[in-house]
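Visitor: Here is a sequence with its predicted model. Questions after.
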Amino acid sequence: MPELPEVETVARLIRPHLVGRLIEDVEVSWTRSLGGLTERAFRENITGSLVKRVWRRAKWIVFDLERLGRPAGHLLCHLRMTGRLHVEPTGTDMGPYERVRIDLDNGESLFFIDVRKFGRFIYENDTNERFAGIGPEPLTDEFSSAWFRAALASRKRQLKPLLLDQSFLAGLGNIYVDEALHAAKLHPMRRSDRVPAAAADRLHAEIRDVLAAAIRREGSSFDTFYRTPEGQPGSYQEQFLVYGRDGKPCRFCGRTIKKMVVAQRGTHICTRCQPVPRG
């Protein structure tokens, strides 16, 4: 599933094509993508509105809409396993997996493509309720080292499942948690309230550095599904330290990378760089 760097990359690349454009028409070929709204209601809510802003919250891409200078709700897209967004000339044949098409006033259309039909492209009047339970964004000032130290100390959970918890921290998934924990030299099963302050600061810095580096390389294409809106793969997978590298030598110490299961998730570690915590 695309994580923060992939979703951020998609939002950044489609933003110049969408902001300031008027929605002229809509076609839906898979109504379940709409999250329970009927195609008619979906069309009525967004047709004739202007795309004011395109941004990301956690793993959602958000389109703020405006009509006659007033807020007109939001489109929210969650790519899930195989979802993609493309902006192409209106009339382009996007193949059998096209689920939603939004025609713009400049002769282009926004296409939502989804092979496995897990993704969602929904309309909501207000995003407050949906985003109320999501934790801070790790690339903002809200995610400070002081906040992170206190947040870890106040919980008694293993690091990996805690970092994957979207109510704790937004946007992280399996790949970047494994990468950040390895870079910070922390075992994924270490209990959060037993992480020393210096190690918490190190993990805080590595989370931000790993995510920023992945965004610069337009995310990770570790399978055939994730592609940018321009149809290109990301390249951060070429820099993976542990994720998907089980059986290969650690880039730092040479010990063989191991794969284990933590909180029902495949987890990659170097047992020398990330020693098992005592107790």
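Guide: Now that the structure is in, tell me what you want to look at.
Visitor: domains of the protein?
Guide: Using automatic domain parsing, the domains assigned to the chain come out as 4-131, 145-269.
Visitor: Span of stretch 224-234 from start to end?
Guide: Using C-alpha to C-alpha, to the nearest Å, the gap from the first to the last residue of stretch 224-234 comes to 11 Å.
Visitor: now the strands for this protein?
Guide: Taking DSSP state E as the criterion, the chain carries its strands at 23-28, 50-57, 60-67, 70-78, 83-89, 98-104, 108-114, 120-124, 258-262, 265-269.
Visitor: Can you get me a residue count around residue 130?
Guide: Around residue 130 there are 16 other residues, counting by other C-beta atoms under 10 Å. Quick note: C-beta positions are derived from backbone N, CA and C, even for glycine.
Visitor: How about residue 70?
Guide: By the criterion of other C-beta under 10 Å, residue 70 has 8 neighbours.
Visitor: How about residue 73?
Guide: Residues within reach of residue 73, counting by other C-beta under 10 Å, total 18.
Visitor: circling back to that earlier point, mind checking which of the strands of the chain is nearest residue 185?
Guide: Nearest to residue 185, of all these, is strand 265-269, at 10.3 Å by C-beta to C-beta.
Visitor: what's the angle from that closest one to strand 258-262?
Guide: With axes from the mean of the first three to the mean of the last three C-alpha atoms, to 10 degrees as the basis, strand 265-269 and strand 258-262 are set at 140 degrees to each other.
Visitor: Can you pull out the low-pLDDT segments for this protein?
Guide: Counting by pLDDT under 70, the low-confidence segments of the chain come to 279.
Visitor: mind checking the longest helix of it?
Guide: Ranked by number of residues, the top helix in the chain under DSSP state H is helix 197-216.
Visitor: can you pull the buried residues of that helix?
Guide: Of the residues in helix 197-216, those buried under the neighbour-count criterion (16 or more other C-beta atoms under 10 Å) are 199-204, 206-208, 210-211, 214-215.
Visitor: Same check on stretch 95-110?
Guide: Of the residues in stretch 95-110, those buried by neighbour count under the rule 16+ other C-beta under 10 Å are 97-104, 108-110.
Visitor: ok now it, how far from the chain's centre?
Guide: Put simply, stretch 95-110 sits 22 Å off its chain's centre (C-alpha atoms, centre = their mean, to the nearest Å).
Visitor: Determine how far the last residue of it lies from the first.
Guide: In stretch 95-110, first residue to last residue: 14 Å (C-alpha to C-alpha).
Visitor: Ok, stretch 48-62 next?
Guide: One end of stretch 48-62 sits 18 Å from the other (C-alpha to C-alpha).
Visitor: what's the offset of that stretch from the middle of its chain?
Guide: Here stretch 48-62 shows a centroid-to-chain-centroid distance of 14 Å under the convention C-alpha atoms, centre = their mean.
Visitor: same deal with stretch 228-245?
Guide: Computed by C-alpha atoms, centre = their mean, the separation of stretch 228-245 from the middle of its chain amounts to 14 Å.
Visitor: how about that stretch: buried residues?
Guide: Burial within stretch 228-245, assessed by neighbour count using 16+ other C-beta under 10 Å, is assigned to 228-229, 233-234, 236-237, 240-245.
Visitor: Next: stretch 159-178.
Guide: Counting neighbours by 16+ other C-beta under 10 Å, stretch 159-178 gives 159-164, 168-178 as buried.
Visitor: what about it, distance to the chain center?
Guide: Between the mean C-alpha point of stretch 159-178 and the mean C-alpha point of its chain there is a distance of 11 Å (C-alpha atoms, centre = their mean).
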